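**Q** Build me a structure from this.
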Amino acid sequence: MQHQYSFVTQFSDVLPLYNQKINAKGPVKKRVKTEQTQGHRDQVQAQAQAQAQLEVLQLQTQHHHLQQATTSLTITSSALDQAAVQHAQVMNQMAMQQSMPDSLMDVGMTLKDDSKDSNGGKDKKGKSVQLTKSQIDMFDEAMAMHAYVTGMAFDAMEDSHLARAINILHPNVKLPDKKKLEGELAIRCYEKMYKQVWVYLTTSPSRVCFKRDAWSNFNLYHTSNPDETYVTYMAVNNEKRFFLESEKVAGDEAQHDSIIIAQDIKRMMQPIGSNVSGVVTGSTEYHSRAWDMLKAEYPTKFFYGCICHALHLAIMDIFGPEKSVDNDPRRTTPQIPMDFPFQDLVELTNSCKELLSFFSSYQYAPKYKMFDSQLLHAMKGFANAPPALSWGTLAARFRVLMQFEDELQTIVSDPKFLGSSSPANQRTIRESIKEFVLSLNWKMTLEKAITILTPVELILYKFQDDRAPISEVYFESKHLLTDFDAVFGLTTVELEYIKKVVTERLQYVLSEAHGLAFLLDPRYIGKSMTRDYREQIEGLIFNFPKTDQDVGVNEERRRAMSAEYTDYVIYAKNQRNNRTYKWEMLEKGNRSPLQFWQMDAEDWPHLKSLALTLFSLAPSSVASETTLCKSILAQSNRRNKLSFDNMRRLAFICINDSQFACGEVQNNTLPDFTVGDTALSPDGMMMWMI
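**A** Just a heads-up that it's a prediction; the model follows:
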């Protein structure tokens with residue numbers, strides 16, 4: 001009895017501590033979510049329940065021993081029962097939490113959040129929250145930008161269902177109507193985008209190259225007058241491509257006047273100043289005279305011709321020259337020489353254009369199922385291409401005829417093609433097409449034309465991308481003449497004529513900028529260049545001024561440039577001879593010459609500045625067609641009847657919006673570039689010419 005009493009007394013001392021530990025176990029914290037299979041969860045739950053039952057059994061055994069003690073310990077025994085039950089409940093709760101998904105454990109919290117957010121647009125008392133004027137303006141501009149960029153019809157903004165949906169979110173918000181989208185909001189969004197573009201161009205550390213495209217005559221606004229000539233300006237660097245303006249030329253004389261061209265380019269350059277690296281224009285004699293005027297005023301900037309324009313003119317010299325000597329003293333239109341050897345190609349070009357226009361017309365195309373929709377779409381595109389750009393697609397046109405030779409011959413051989421059922425007004429053109437398709441020299445002439453155009457086509461395709469370095473223009477133009485030697489089937493007279501017209505056209509493309517870039521491109525170290533021309537270009541490197549205001553030769557700068565150029569040549573040759581990883585990246589195109597000078601030229605600061613300027617230049621003045629077409633696809637006159645001023649504003653907004661992250665128009669302020677500026681605003685563009 002004494003031993004039993006001592007045992008109970010000892011256990012009574014431990015019992016409060018045991019109860020304290022049991023109570024401390026609950027509630028447990030939520031476990032970190034882990035990925036468990038259902039079988040694993042069941043196993044864990046079963047183990048926890050078995051452990052709880054075992055502990056309950058042990059406690060019951062202890063309770064049985066305690067019942068043999070004195071009756072004075074009844075309260076202690078009752079406490080043990082309570083502890084056992086509490087411990088079992090805690091262990092079961094732990095097992096349930098271990099096997100229960102976290103998504104089910106947070107239901108209460110989710111419902112609480114939903115109930116808290118159910119009064120959207122209202123405060124805790126249920127009253128509507130009034131938006132500030134700035135918030136309303138931001139909302140209107142965001143909705144307007146959505147309509148402008150996506151091409152949404154302005155009438156759709158007044159739809160009752162859309163208004164009801166917005167009212168559910170916030171009762172006090174009113175969507176902008178059509179009148180506001182065409183007026184106030186169009187001006188506000190244009191002003192913000194205008195400031196954002198010019199702030200970027202003036203503050204960006206990357207140098208900017210201007211592209212002046214007056215030869216492709218791309219009518220961005222699709223005005224009704226086909227004779228209008230448009231001049232389009234783009235500003236590009238290694239990251240972004242900005243559309244600046246596209247305006248009608250004030251009179252035919254302004255298009256060919258070197259002084260007016262130089263003044264127009266200067267007008268666009270002045271707001272940016274020293275951040276401009278150069279300007280690429282068309283490749284003609286009157287453009288060349290404008291370059292000389294500008295170079296005298298801006299000796300550290302480069303002015304040169306477009307390689308794509310020169311090759312387009314060369315193709316016209318071969319496939320479509322016209323007699324216009326008296327009316328074209330500046331030789332903007334190719335002329336037919338006395339010894340012209342490609343009359344067969346001229347006839348092929350004219351017949352091809354006639355055939356494509358006829359078969360892609362809406363009246364005739366549906367009658368024949370041999371042409372699939374993709375082919376008809378391509379034929380319509382070729383037939384409707386602008387005259388200036390159509391020469392660049394000649395090879396593609398000829399390949400279409402080659403590919404569908406059998407189908408075309410089957411169609412024109414059908415008696416119904418020229419039968420009594422054919423329209424009388426189409427009889428002449430049908431006879432011409434039939435004679436053309438069934439001629440004996442059909443295939444041979446097509447193959448000859450394609451082989452001549454293939455080398456030119458590859459260069460056109462390459463340099464329509466702004467990202468090709470300008471050094472490759474010099475390299476490709478020199479190899480183009482040798483590529484014609486591999487053309488099969490050309491006579492000596494034909495080959496000499498091709499080389500002659502290409503050389504004449506390239507003289508208004510290749511400039512000091514191309515030669516300098518060629519020497520400073522590490523990929524072309526040791527490549528072929530005549531000694532005299534190399535020494536001439538190296539002299540330009542040594543004497544290149546630091547700023548446009550520098551007059552005379554700085555002997556200290558000349559020595560520094562000479563030493564840095566020597567170190568650069570040695571370094572580049574060692575990289576090439578050792579076939580380093582950096583060199584292989586350059587050869588494979590995984591690293592550009594611009595990146596080479598940005599990363600590896602810290603020891604040549606004077607030469608690096610010149611190289612960064614050169615490799616920021618664009619090889620072509622052709623504005624990216626996909627970039628310009630963005631605004632045309634987004635805004636259709638059939639959906640929104642827009643004024644010409646609004647078309648200009650929306651073109652500026654839609655094209656440049658894609659160049660900024662998330663399409664966000666920032667509220668930047670720049671007093672120097674106000675929309676009221678007569679030189680840069682849409683209302684004053686090109687007005688100085690009149």
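**Q** Tell me where the model's unsure across this structure.
**A** 1-128, 224, 226, 251-254, 322-335, 362-371, 386-391, 623-640, 661-690 (pLDDT under 70).
**Q** domain assignment for it?
**A** 2-26+41-100, 187-251+263-281+621-689, 315-506, 521-614 (automatic domain parsing).
**Q** So which residues of the stretch 201-350 of the chain form strands?
**A** 208-213, 230-236, 241-248, 276-281, 302-305 (DSSP state E, counting those that start in this stretch).
**Q** C-alpha coordinates for stretch 209-218, PDB please?
**A** The C-alpha trace of stretch 209-218 is given here as PDB (Å, rounded to 0.1, in the frame of the first residue of the first chain):
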ATOM      1  CA  CYS A 209      20.200  56.500 -87.900                       C
ATOM      2  CA  PHE A 210      17.600  58.300 -90.000                       C
ATOM      3  CA  LYS A 211      16.000  56.600 -93.000                       C
ATOM      4  CA  ARG A 212      14.600  58.800 -95.700                       C
ATOM      5  CA  ASP A 213      12.500  56.800 -98.100                       C
ATOM      6  CA  ALA A 214      11.100  58.800-101.100                       C
ATOM      7  CA  TRP A 215      11.600  56.300-103.900                       C
ATOM      8  CA  SER A 216       9.200  53.400-102.800                       C
ATOM      9  CA  ASN A 217       6.300  56.000-102.600                       C
ATOM     10  CA  PHE A 218       4.500  53.900-100.000                       C
END
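**Q** Distance check, Arg559 against Ala601.
**A** Here the criterion is C-beta to C-beta, to the nearest Å. By it, Arg559 lies 18 Å from Ala601. The C-beta positions use only the backbone N, C-alpha and C, and glycine is treated the same way.
**Q** Please say which of the two ends up with more neighbours.
**A** Ala601 (19 against 11; other C-beta atoms under 10 Å).
**Q** The more buried one belongs to a helix, doesn't it?
**A** No: counting by DSSP: H, G, I helix; E, B strand; the rest coil, Ala601 falls outside a helix, being coil.
**Q** Check whether it really touches Ser609, as I assumed.
**A** No: applying C-beta atoms under 8 Å, one finds Ala601 not in contact with Ser609, separated by 9.4 Å.
**Q** list residues touching both of the two?
**A** Common contacts of Ala601 and Ser609 (C-beta atoms under 8 Å, 6 or more residues apart in numbering): none found.
**Q** List the buried residues for stretch 396-403?
**A** The neighbour-count check on stretch 396-403 (16 or more other C-beta atoms under 10 Å) flags Arg397, Phe398, Val400, Leu401 as buried.
**Q** Same question for stretch 437-449.
**A** Val437, Trp442, Thr445, Leu446, Lys448, Ala449.
**Q** same question, stretch 594-601
**A** Leu594, Phe596, Trp597, Asp600, Ala601.
**Q** what comes into contact with it?
**A** 238, 469, 520, 522, 568, 571, 582, 586, 607-608, 611-612, 615-616.
**Q** Now the two most distant members of these.
**A** Of all pairs drawn from the contacts of stretch 594-601, the one with the longest distance (C-beta to C-beta) is Asn238 and Tyr571, at 22.7 Å.
**Q** okay, the strands of the stretch 201-350 of the chain in CSV with mean neighbour count next?
**A** CSV is the format used below for the strands of the stretch 201-350 of the chain (neighbours: other C-beta atoms under 10 Å):
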stretch, mean neighbour count
strand 208-213, 24
strand 230-236, 22
strand 241-248, 20
strand 276-281, 26
strand 302-305, 26
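**Q** returning to that earlier point: quickly name whichever of the buried residues of stretch 396-403 is closest to Asp548.
**A** Nearest to Asp548 among these, with distances taken as C-beta to C-beta, is Arg397, at 46.2 Å.
**Q** what about the closest one, which helix or strand?
**A** helix 394-403 (DSSP states H and E).
**Q** Quick one: list the elements packing against that helix.
**A** Using 3 or more C-beta pairs under 8 Å, 6 or more residues apart in numbering; DSSP states H and E as the contact test, the elements touching helix 394-403 are helix 343-359, helix 373-383, helix 442-463.
**Q** CA atoms only for it, dumped as PDB, please.
**A** Coordinates of each C-alpha in helix 394-403 appear next as PDB, following Å, rounded to 0.1, in the frame of the first residue of the first chain:
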ATOM      1  CA  LEU A 394      10.100  40.000-110.400                       C
ATOM      2  CA  ALA A 395      11.900  36.700-109.500                       C
ATOM      3  CA  ALA A 396       9.000  35.600-107.400                       C
ATOM      4  CA  ARG A 397       6.600  36.400-110.200                       C
ATOM      5  CA  PHE A 398       8.600  34.400-112.700                       C
ATOM      6  CA  ARG A 399       8.800  31.400-110.300                       C
ATOM      7  CA  VAL A 400       5.000  31.400-110.000                       C
ATOM      8  CA  LEU A 401       4.700  31.100-113.800                       C
ATOM      9  CA  MET A 402       7.300  28.300-113.800                       C
ATOM     10  CA  GLN A 403       5.500  26.400-111.000                       C
END
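**Q** right, and the helix or strand after it?
**A** Using DSSP H and E, the first helix or strand after helix 394-403 is helix 405-413.
**Q** Packing partners of that following helix?
**A** Looks like helix 405-413 contacts helix 427-437 (3+ C-beta pairs under 8 Å, 6+ apart).
**Q** which residues are contacting the helix it packs on?
**A** Ser351, Glu354, Leu355, Phe358, Leu408, Gln409, Val412, Ser413, Phe417, Leu418, Ser422, Trp442.
**Q** Burial check on the closest residue to Ser616 other than its chain neighbours, number of neighbours?
**A** Of all residues not flanking Ser616 in the chain, Arg207 sits nearest, at 4.1 Å (C-beta to C-beta, 6 or more residues apart in numbering). Per other C-beta under 10 Å, the neighbour tally for Arg207 reads 21.
**Q** Contact partners for Arg207?
**A** So Arg207 contacts Asn237, Asn275, Val276, Ser277, Leu612, Thr613, Ser616 (C-beta under 8 Å, 6+ apart).
**Q** Quick check: phi and psi at it.
**A** The phi and psi torsions at Arg207 (degrees, to the nearest 10) take the values phi -70, psi 150.
**Q** hang on, the earlier thing: so which of the strands of the stretch 201-350 of the chain is nearest Ala651?
**A** strand 241-248 (6.9 Å).
**Q** The closest one packs against which elements?
**A** helix 184-203, strand 230-236, helix 625-634, helix 644-657.
**Q** In JSON lines, list the ones you listed along with distance to Glu297.
**A** Output for the helices and strands packed on strand 241-248, formatted as JSON lines (distance: least, C-beta to C-beta, whole Å):
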{"stretch": "helix 184-203", "distance to Glu297": "20"}
{"stretch": "strand 230-236", "distance to Glu297": "19"}
{"stretch": "helix 625-634", "distance to Glu297": "30"}
{"stretch": "helix 644-657", "distance to Glu297": "28"}
